[in-house]
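K.L.:
Task: produce atomic coordinates for the following.
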Amino acid sequence: MPNVLIPTPRGQMPAWFAAPSSAAPTPGIVVLHDVLGMSQDLRNQSDWLAEAGFLAASPDLYYKGGRLICIRHVIRDMMARAGPAFDDVEACRSWLLAQPECNGHIGVIGFCMGGGFALLLASGHGFSAASINYGGPLPEDVDDFLDAACPLVGSYGGLAKWEKGVADQLAAKLERALVSHDVKEYPDAGHSFMNQHPGYGFLKVLRVRAIGYNEPATMDARRRIVAFFNLHLGNARP
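P.N.:
Predicted coordinates:
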């Protein structure tokens with residue numbers, strides 16, 4: 001269950017908030033969920049980021065209605081590059097900035113649908129660094145907003161045919177835009193390789209490798225993400 005309520009233009013938004021044990025100033029991270037919404041996996045993502053030394057808040061972007069309706073609304077906003085979903089993310093970012101333990105820098109990380117959303121938020125939305133995790137194929141107008149993007153770390157699974165090669169495409173575009181980046185494809189991992197949802201166990205039984213948790217890839221991706229965020233968000237923690 002969410003443990004905080006964040007005020008937004010549409011009312012109180014439930015979120016999961018996790019903080020390091022130390023009260024020393026540290027960056028904040030907005031953690032964007034995959035298409036399944038608020039889940040134990042999402043809370044776990046915030047928890048490991050807190051253990052790594054960040055203030056992590058995971059907003060429930062589906063809080064105003066049923067899952068299917070909210071999925072359509074969030075995707076609609078992503079296509080329009082504006083709307084209530086963007087307002088909700090901004091409310092979460094502002095809430096983190098207002099926390100007394102925050103050092104004034106905020107990053108964003110997303111998974112699956114949230115990964116695609118995080119890419120759209122990398123420019124002009126106040127974030128100092130972004131982590132995109134298997135956010136799908138790049139949007140056609142990606143060049144339009146990458147020129148002003150914040151530093152970006154990305155991770156993709158090579159076994160997912162719809163995302164194979166996206167890491168190289170994104171890295172090349174960021175290189176041309178002179179944006180600091182660390183983008184990697186994991187050839188032995190599939191889509192959602194950092195997520196552990198109960199239903200994914202069934203995929204293993206069916207020997208479906210294009211989607212599902214992969215621990216070696218997850219551990220390496222987490223290491224890269226933490227190092228990248230530490231560098232670009234001014235985190236003095238080891």
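K.L.:
Mean confidence (pLDDT) on the lengthiest strand in the chain, please.
P.N.:
What stands out as the longest strand in the chain, according to DSSP state E, is strand 102-111. The pLDDT scores in strand 102-111 average 97.
K.L.:
got a list of contacts for the helix or strand following that strand?
P.N.:
Proceeding N to C from strand 102-111, the next assigned helix or strand is helix 113-120, under DSSP states H and E. Helix 113-120 has contacts (C-beta atoms under 8 Å, 6 or more residues apart in numbering) with 31-35, 71, 74-75, 78, 81, 85, 89, 108-110, 130-136, 138-139, 142, 145, 152. Every C-beta, even on glycine, is put in place using the N, C-alpha and C of the backbone.
K.L.:
which of those residues count as buried?
P.N.:
The neighbour-count test (16 or more other C-beta atoms under 10 Å) marks 31-34, 71, 74, 78, 85, 89, 108-110, 130-136, 138-139, 142, 145, 152 as buried among those.
K.L.:
now, which of those lie within helices?
P.N.:
Taking DSSP state H as the definition of helices, the buried ones among the contacts of helix 113-120 contribute 71, 74, 78, 85, 89, 142, 145.
K.L.:
Tell me where the protein has strands.
P.N.:
Along the chain, the segments classed as strands by DSSP E run 4-8, 11-18, 26-32, 55-59, 102-111, 129-133, 152-157, 181-186.
K.L.:
hmm, back to that, tell me which residues in the longest strand of the chain are buried?
P.N.:
Within strand 102-111, the residues that qualify as buried by neighbour count (16+ other C-beta under 10 Å) are 102, 103, 105, 106, 107, 108, 109, 110, 111.
K.L.:
repeat for stretch 6-17
P.N.:
6, 8, 13, 14, 15, 16, 17.
K.L.:
can you pull the contacts of residue 90?
P.N.:
With contact set as C-beta under 8 Å, 6+ apart, residue 90 has these partners: 125, 126.
K.L.:
next one: residue 224
P.N.:
Residues in contact with residue 224 (C-beta under 8 Å, 6+ apart) are 153, 155, 182, 184.
K.L.:
Neighbours of residue 141, how many?
P.N.:
Around residue 141 there are 10 other residues, counting by other C-beta atoms under 10 Å.
K.L.:
what's the spacing between it and residue 16?
P.N.:
Residue 141 sits 32 Å away from residue 16, taking C-beta to C-beta, to the nearest Å as the criterion.
K.L.:
try residue 179
P.N.:
Here the criterion is C-beta to C-beta. By it, residue 179 lies 30 Å from residue 16.
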